[in-house]
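# have a look; sequence and predicted model below, questions after that.
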Amino acid sequence: MNGVRRKLETPSALAIALGVFVVLVLAWSAWGALSWLATPVALKTRLAGIDEAVRQVATIGRQAGDPGRYADHALCEAPLLEAAQTLQGQLVNVAAAARLTASSVTVIPPDPNGDSARPTPVSFKLEASGGYEAVLGLIRSLGQNEPEVFADTLDLTSQTSSVSIKLTGRVLCKPPVL
């Protein structure tokens, strides 16, 4: 330290650029390696399968509104209000024929502002009670009903010597011919 001072050399622009380039290449390589490790091998194949399944469900959903996709006996032909009254009478008669005590039969009139190109649902709620065999008879009868009864919920509650049934569902009516 004899009074000699050393001057520090500053790196050249080429050395700085080379250092930045090396850091970028290392960062890009690390990102690629981590991305490869985090991505399942068959991800693209699985995603393509999911996309196809979504397309199929959407197609089936659109076709479900087509009255031609239903069997002839599945859709009622009557005007909606008449269909609702007929359905209520059918439900009361089926419950009585099965020897059940119908405590409540409610038919919900359809929305008159619904999509006129699709089958229109006429919803109902049936509450009844009786013997186990009578409830099974009711379910069998509804399975043979014309138009078809589509069940949304079915609750059976066992009581000591009887069963109570709560059934919500719907029948579908053809759209009016315009």
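Structure's in. What do you need? Numbering: from 1, shown residues only.
# residue ranges with poor pLDDT in this structure?
Low-confidence segments of the chain (pLDDT under 70): 1-8, 40-41, 60-69, 72, 112-117, 176-178.
# could you chop it up by domain?
What automatic domain parsing lists as the domains of the chain is 13-64, 71-173.
# what's the most buried one of these?
When those are scored by mean count of other CB atoms under 10 Å, the highest mean neighbour count falls to domain 71-173 (a mean of 16). Where you see a C-beta, it was placed from the backbone N, CA and C, and this is true even at glycine.
# that one spans what distance, first to last residue?
Start-to-end span of domain 71-173 (CA to CA, to the nearest Å) is 12 Å.
# now it, how far from the centre of its chain.
Mean-position distance between domain 71-173 and its chain equals 22 Å (CA atoms, centre = their mean, to the nearest Å).
# what sits closest to Ala95 if chain neighbours are left out?
Nearest non-adjacent residue to Ala95, counting by CB to CB, 6 or more residues apart in numbering: Ala102, 4.1 Å away.
# elements contacting the particular helix or strand that has the one you found in it?
In this structure, Ala102 sits in strand 101-108 according to DSSP states H and E. Using 3 or more CB pairs under 8 Å, 6 or more residues apart in numbering; DSSP states H and E as the contact test, the elements touching strand 101-108 are helix 80-97, strand 120-130.
# give me the contacts around the first one.
With contacts defined as CB atoms under 8 Å, 6 or more residues apart in numbering, helix 80-97 is touched by 76, 78, 101-102, 105, 107-110, 112, 120, 122, 124, 126, 128, 137-138, 141-142, 145, 171, 173.
# repeat that for the last one.
Residues outside strand 120-130 that contact it (CB under 8 Å, 6+ apart) are 76, 80, 83-84, 87-88, 91, 95, 98-111, 114, 135, 138, 152, 159, 162-173, 175.
# next secondary structure after that strand?
Following the chain from strand 120-130 toward its C-terminal end, the next helix or strand by DSSP H and E is helix 132-143.
# what angle sits between that next one and helix 80-97?
Angle, helix 132-143 to helix 80-97, by axes from the mean of the first three to the mean of the last three CA atoms, to 10 degrees: 150 degrees.
# what's the angle from helix 132-143 to strand 120-130?
Between the axis of helix 132-143 and that of strand 120-130 there is an angle of 170 degrees, by the same axes, to 10 degrees.
# what packs against helix 132-143?
Helix 132-143 sits against helix 80-97, strand 150-159, strand 162-173, with contacts defined as 3+ CB pairs under 8 Å, 6+ apart.
# how about these, which one is nearest Val57?
Taking CB to CB, strand 150-159 is the member of the helices and strands packed on helix 132-143 nearest to Val57, at 18.8 Å.
# please save the CA atoms from that closest one in PDB.
Provided in PDB are the C-alpha atoms of strand 150-159 (Å, rounded to 0.1, in the frame of the first residue of the first chain):
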ATOM      1  CA  PHE A 150     -91.200 -37.500 -16.000                       C
ATOM      2  CA  ALA A 151     -90.400 -37.700 -12.300                       C
ATOM      3  CA  ASP A 152     -88.200 -34.900 -10.900                       C
ATOM      4  CA  THR A 153     -88.200 -36.000  -7.200                       C
ATOM      5  CA  LEU A 154     -89.700 -39.000  -5.400                       C
ATOM      6  CA  ASP A 155     -89.700 -39.100  -1.600                       C
ATOM      7  CA  LEU A 156     -91.100 -42.200   0.200                       C
ATOM      8  CA  THR A 157     -91.400 -42.100   3.900                       C
ATOM      9  CA  SER A 158     -92.200 -45.300   5.800                       C
ATOM     10  CA  GLN A 159     -94.800 -45.000   8.600                       C
END
